[in-house]
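Student: need a structure here:
(chains A and B, ligands or ions: 1)
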Amino acid sequence: MPFNRAEHSPLPRFNDDLALGRAMLAQIKEELAAWQRAHGRKLTLMEVCGTHTVALSRSGIRDALRSWVDFRSGPGCPVCVTDQADIDAMLELATLPGLTVTTFGDMVRVPGSRGDLAHAKAAGADVRIVYSPLEAVNFAKTEPQRQIVFMGIGFETTVPTIAAALRSAIEEGLENFSVYSVHKLTAPVIRQLLQDPELKLDGLILPGHVAAITGRRYFGFVASDFSLPSAVTGFAELDLLSGIRDLLTQYHDASARVSNCYPRIVREEGNRKAWELVDRYFRQGDVRWRGLGPLPGSGLVLRPEYRQFDARQRFPLNLPPSHLPAGCLCGEVLKGKALPFNCRHFAKSCTPVHPVGPCMVSGEGTCATYYKYERREG
Amino acid sequence: MCLAVPAKVVRILNDFTVEVETFGNRARVNTSLIDQVKLDDYVLVHAGFAIEIVDQDSAQESLALWREIYAVQSS
Ligand code: SF4
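Tutor: This is a model prediction of the structure:
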């Protein structure tokens, strides 16, 4: 029989080695129980990344450890943390004649102060969902008579793909492509949360795919400035368990470091090539986050020399003040201070079909994840 | 949003484009953000771009180490 590399690849094993997963889980439970006996309370961990929020629920690990660990979601869902004024600006742009708004899928259903992009589309606006920002560049190429605006949403993982799209638009000499940048950086927001005296965390599960780009050392401040144990992990069951296990080792040793539990992807210095491209077009700026307000240096804005590709410059808007959905606790949920269950709308007036806030829209929003996986009868 | 999947390089199309396979699906992926890839490499794919090459040796090392720690036979 021919040797089939795909079947013999080590990668699938990260998802389907049940025996190993069970053995790891059993030991983690024992150690967590010991930690609880010593401290008289549950361990509180924050998973910063929305993809981890989903992975912890879907894998059943959140549920398996619920007697010992209080998992808190962090600000790691880009759709959820987008400020209401930016959502409103996108809606307004979509109404301009001859303009096409392109964005990743989740964005179109986020309720702004005055409707959402999906309704704007139904009413005749040209709103297109893309999987890759390169598709938006392609629209600009094939439809020179239209202005194509890409809603640049995402963290360090995603910005290089948008920088590469921008490079390609510039190389093609496209004058009808621009980016409305709402890109955000994870380090400044984590730093902000760790300074909050109300939030008492015992450790952080750090975003593996952000670290793929930034490198492990980008998160060094968590240990050096806050002495908080943390682990960069991947998203398969064994990755999550190895991250939790590493945190337990840090408690055991009374140490605090930023462990790399995703070494098959994450390098110390990250993907320098990708980050240099980001740096060519973007600089750090003060941007507003839902629930957190303006945070210094927490976003990426286009450099002044590329202002003709900046949709904010090209299409200045004068919008009335935005307002948030009444009673929506998203802002508190993504600071780890509230759980979806604490919101009076959750699973009543707010569901994935009729979302009140963005945390119920995005596939990796905390409310949508809890709606899908964490509701229990009775 | 930061969801990214490992996929195997099955065809090199040009300097900046490869065809990858993941869960039986084939797709074209832009490789301008990473170093040169070879056939049979695994890459991490996000928004139409390969954003990192998977270090398969490291993947194997982690698994071997864990199996040893937990005394689990290779499945
Ligand atoms: S359940 Fe809905 S209304 Fe409540 S916090 Fe979540 S998104 Fe907002």
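Student: now the nearest residue to residue B:3 once chain neighbours are set aside: how far from residue A:148?
Tutor: Nearest non-adjacent residue to residue B:3, counting by C-beta to C-beta, 6 or more residues apart in numbering or on different chains: residue A:51, 5.1 Å away. In this view, the C-beta of every residue, glycine as well, is placed from N, C-alpha and C. To residue A:148, residue A:51 is 28 Å away according to C-beta to C-beta, to the nearest Å.
Student: ditto for residue A:301
Tutor: Here the criterion is C-beta to C-beta. By it, residue A:301 lies 19 Å from residue A:148.
Student: compare these two (neighbour count), which wins?
Tutor: Comparing residue A:301 with residue A:148 by neighbour count (other C-beta atoms under 10 Å in any protein chain shown), the higher total belongs to residue A:148, at 27 against 19.
Student: what residues are up against the closest residue to that one other than its chain neighbours?
Tutor: The shortest distance from residue A:148 to any non-neighbouring residue, by C-beta to C-beta, 6+ apart, is to residue A:140 (4.2 Å). Going by C-beta atoms under 8 Å, 6 or more residues apart in numbering or on different chains, residue A:140 touches A:146, A:148, A:169, A:174, A:176, A:177.
Student: restricted to buried residues, select the residues you listed in ChimeraX.
Tutor: Listed next is the ChimeraX selection for buried residues among the contacts of residue A:140, using 16 or more other C-beta atoms under 10 Å in any protein chain shown:
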select /A:148,169,174,176,177
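Student: show me the contacts of residue A:140 that map onto strands.
Tutor: Among the contacts of residue A:140, the ones falling in strands (DSSP state E) are A:148, A:177.
Student: could you list every residue that touches residue A:176?
Tutor: Contacts of residue A:176 (C-beta under 8 Å, 6+ apart): A:140, A:143, A:144, A:145, A:146, A:147, A:148.
Student: which among the residues you listed gets closest to the ligand?
Tutor: Of all the contacts of residue A:176, the one with the least separation from the ligand (C-beta to the nearest ligand atom) is residue A:148, at 30.0 Å.
Student: now do residue A:15, the pLDDT please.
Tutor: Listed pLDDT for residue A:15 reads 63.
Student: check residue A:4 too.
Tutor: So, for residue A:4, pLDDT stands at 40.
Student: same deal with the one 3 residues further on?
Tutor: On the pLDDT scale, residue A:7 is placed at 45.
Student: do residue A:1 as well
Tutor: 35.
Student: phi first, then psi, for residue 58.
Tutor: Picking chain A for this. phi -60, psi -40 (degrees, to the nearest 10).
Student: I figured it hits residue A:370, correct?
Tutor: No: under the criterion of C-beta atoms under 8 Å, residue A:58 is not in contact with residue A:370, lying 11.9 Å apart.
Student: neighbour count for those two, which is higher?
Tutor: Counted by other C-beta under 10 Å, residue A:58 and residue A:370 do not tie: residue A:370 has more neighbours, with 23 against 14.
Student: can you classify that one as helix, strand or coil?
Tutor: helix (DSSP: H, G, I helix; E, B strand; the rest coil).
Student: before we move on, what about residue B:60?
Tutor: With three-state DSSP as the criterion, residue B:60 reads helix.
Student: okay, it: pLDDT?
Tutor: For residue B:60, the pLDDT comes out at 85.
Student: number of nearby residues for it?
Tutor: So residue B:60, with other C-beta under 10 Å, has 15 neighbours.
Student: ok, residue B:26 touching residue B:18?
Tutor: No: Residue B:26 is not in contact with residue B:18 according to C-beta under 8 Å; the separation is 10.6 Å.
Student: overlap of the contact sets of those two?
Tutor: residue B:10.
Student: buried sites along the strand with the most length in chain A?
Tutor: In terms of residue count, the longest strand belonging to chain A (DSSP E) is strand A:293-302. For strand A:293-302, burial by neighbour count (16+ other C-beta under 10 Å) applies to A:295, A:298, A:299, A:300, A:301, A:302.
Student: with only the CA atoms kept, save it in PDB.
Tutor: C-alpha atoms of strand A:293-302 as PDB (Å, rounded to 0.1, in the frame of the first residue of the first chain):
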ATOM      1  CA  GLY A 293     -13.700  53.600  25.200                       C
ATOM      2  CA  PRO A 294     -10.500  55.100  23.700                       C
ATOM      3  CA  LEU A 295      -7.300  53.300  24.400                       C
ATOM      4  CA  PRO A 296      -3.900  54.900  23.600                       C
ATOM      5  CA  GLY A 297      -2.000  53.200  20.800                       C
ATOM      6  CA  SER A 298      -4.500  50.300  20.700                       C
ATOM      7  CA  GLY A 299      -5.300  50.400  17.000                       C
ATOM      8  CA  LEU A 300      -3.700  50.600  13.600                       C
ATOM      9  CA  VAL A 301      -4.400  53.500  11.300                       C
ATOM     10  CA  LEU A 302      -3.100  54.100   7.800                       C
END
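Student: which other helices and strands contact that strand?
Tutor: Under the contact definition 3 or more C-beta pairs under 8 Å, 6 or more residues apart in numbering or on different chains; DSSP states H and E, strand A:293-302 sits against strand A:177-181, helix A:186-194, strand A:282-289.
Student: what about 6 Å?
Tutor: Applying 3 or more C-beta pairs under 6 Å, 6 or more residues apart in numbering or on different chains; DSSP states H and E, one finds that strand A:293-302 makes contact with helix A:186-194, strand A:282-289.
Student: looking at those, which is nearest to chain B?
Tutor: helix A:186-194 (9.4 Å; C-beta to the nearest C-beta).
Student: need the next SSE after the closest one, C-terminal direction.
Tutor: strand A:203-207 (DSSP states H and E).
Student: what's that next one in contact with?
Tutor: A:45-49, A:52, A:76, A:219, A:229-230, A:232-233, A:243, A:247 (C-beta atoms under 6 Å, 6 or more residues apart in numbering or on different chains).
Student: so of these, which ones are in helices?
Tutor: In this view, these that belong to helices under DSSP state H are A:52, A:243, A:247.
Student: okay if I get these as TSV plus distance to residue A:332?
Tutor: Supplementary listing: those in TSV, determined by distance: C-beta to C-beta, whole Å:
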residue	distance to residue A:332
A:52	19
A:243	25
A:247	24
